[in-house]
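Attaching a predicted model along with its sequence, questions to come.
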Amino acid sequence: MTAQSVAGAAEPEAVGPRYEPCVLLKLGEIVLKGRNRQQFERLLHDNIRRSVRDTGVELRVWQREGVIVLRVAGADDASLAAETAVGVVAERMTRMMGVARVCRAVRVAKDPEAATAAAVDLMAGCSGSFAVRARRRDKRFPVTSAELAIRIGSRIQQEYGYPVNLRAPDTTVFVEVDQREVFVFTQGWPGQGGLPVGMSGRALALMSGGIDSPVAAYRMMRRGLRCSFLHFSGMPLTGPESVYKAYGLTRQLDRFQQDSRLFVVAFGMAQKQLASSGAGRLQIVAQRRLMLKTGAALARRLRAGALVTGDSLGQVSSQTLTNITALDDAVSLPILRPLIGLDKAEIIAEARRIETLAISELPDQDCCSLLTPRQVETRARIEDLRRIEARLDAEDLAEELAAAAQEHTPGRA
């Protein structure tokens, strides 16, 4: 697979006598970035190429004002194979961070008749009312936007007899006149929005296998962080089921960033050491501090600038404000908590939307359920936690756990 990315370079060749299927990506937040905008666009181009490299599609990427045009090699013959390739590309782009909307379009010659013919073809087999929305990016085009919309609408009505409804049409035909061609389309899907993955740096997300942590990681990827994932299993005190879940969740999230890395730490014996040290009611908070210390040690190796957790204030007893403060004390690395103000229903709704909920709900023995005291401390004192850690040489233990982490690369299914 090869790809070409062009921004501010020579325009593509003119369109032939027929039309060419392509994909238009509408940008959102990126267009507000001023002088830094080209950096965002270049990274987005790289992410686009990475997302389709396993498909065998030869993709060409053209940057326009607020729009990216994706052209598939050989698609100018409008064959079934070309349509299929364009469909695959469009589906991948709906998961691309930094893209506000994805449209399957046809690229036609910069001529009113060519645009009209393409619109008539696209409306074949539709039903109900329709409207035409035309826009000229090139004001030198001899027909105004309103005139073009009227011309195309009249031809569609003459051909099929569909009624016009400008307020709430069943189908809308969009026509965009660009510098050297015209794009016509009726279909569009919302993108992920946000910023291109990698623009904000790297982070290490703690992946518990539950509902919250995958949603937290997704939200940070949407803000431009490239996330690696760290899972703590209860092995050897539990089976490998939680690892399988973490693997499946990482693979699901990989659709949004590609090349994800999952690190697994066997945490059961460390939990047993904490219990033997007399942690008592502090067991949960103490083991979470050790997880964060291990995460910070691994993050240094990965050159990650922050940790990401799925904490939501007050959701469970270990997530009180006092306990969260005690957790922050464990490491100097920033701990990002994008779900801190969400309730469980909101988190579940987002997990369902990004398709991680079904995996998170699979049964497993979570390491956090091991050696849990009858009562969990809701107001942990930092001094008490530090004394427990001093008995264990927690800093050295965290380094050992990080060094022993097993790496997996789930990739795309």
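Great, that's in hand.

use CA for all of it now, contacts and neighbours both
Noted.

Contact partners for residue 69?
Shown in contact with residue 69 (Cα atoms under 8 Å, 6 or more residues apart in numbering): 22, 23, 24, 25, 61, 62, 63.

oh sorry, the question was meant for residue 274
By Cα under 8 Å, 6+ apart, the neighbours of residue 274 are 283, 286, 287, 388, 392.

got it, and residue 277?
Neighbouring residues of residue 277 by Cα under 8 Å, 6+ apart: 388, 391, 392.

again, 6 Å this time
Residues counted as contacts of residue 277 (Cα atoms under 6 Å, 6 or more residues apart in numbering): none.

quick one, phi psi at it?
Residue 277 adopts backbone torsions of phi -80, psi 0, taken as degrees, to the nearest 10.

Against residue 384, how distant is it?
Counting by Cα to Cα, to the nearest Å, the separation of residue 277 from residue 384 is 12 Å.

Over to residue 272?
The value you get for residue 272 to residue 384, if Cα to Cα is used, is 18 Å.

where does the stretch 251-400 of the chain have low pLDDT?
Residue ranges of the stretch 251-400 of the chain with pLDDT under 70: 367-371.

Which parts of it are helices?
For the stretch 251-400 of the chain, the helices defined by DSSP state H, counting those that start in this stretch cover 268-276, 283-302, 321-328, 344-353, 357-360, 382-392, 394-403.

what's in contact with the third one?
Right, helix 321-328. So helix 321-328 is contacted by 289, 379, 380, 382 (Cα under 6 Å, 6+ apart).

chain center to it: distance?
29 Å (Cα atoms, centre = their mean, to the nearest Å).

contacting residues around residue 121?
Contact analysis of residue 121 by Cα under 6 Å, 6+ apart lists nothing.

Please, which helix or strand holds it?
Using DSSP states H and E, residue 121 sits within helix 112-122.

do the same with residue 232
Here residue 232, judged by DSSP H and E, is contained in strand 225-233.

follow-up on the earlier one: toward the C-terminus, what is the element adjacent to the helix holding residue 121?
Using DSSP H and E, the helix or strand that directly follows helix 112-122 along the chain is strand 130-136.

The helix or strand following that next one: which residues count as buried?
Counting by DSSP H and E, the next helix or strand C-terminal to strand 130-136 is helix 145-160. Residues of helix 145-160 classed as buried by neighbour count (16 or more other Cα atoms under 10 Å): 145, 148, 149, 150, 151, 152, 153, 156.

Just flag the most distant two among those residues.
Using Cα to Cα, these span at most 16.6 Å, a distance reached by 145 and 156.

what's next to the strand holding residue 232, contact-wise?
Where contact means Cα under 6 Å, 6+ apart, the residues beyond strand 225-233 that reach it are 197-198, 200-208, 260-267, 367.

Tell me what angle that strand forms with helix 268-276.
70 degrees (axes from the mean of the first three to the mean of the last three Cα atoms, to 10 degrees).

quick one: contacts for residue 99?
Contacts for residue 99 (Cα under 6 Å, 6+ apart) come out as 27, 191, 193.

who's it bridged to?
Going by DSSP bridges, residue 99 is paired in beta bridges with residue 27.

Starting from residue 142, give me the distance back to it.
Distance of residue 99 to residue 142, given as Cα to Cα: 31 Å.
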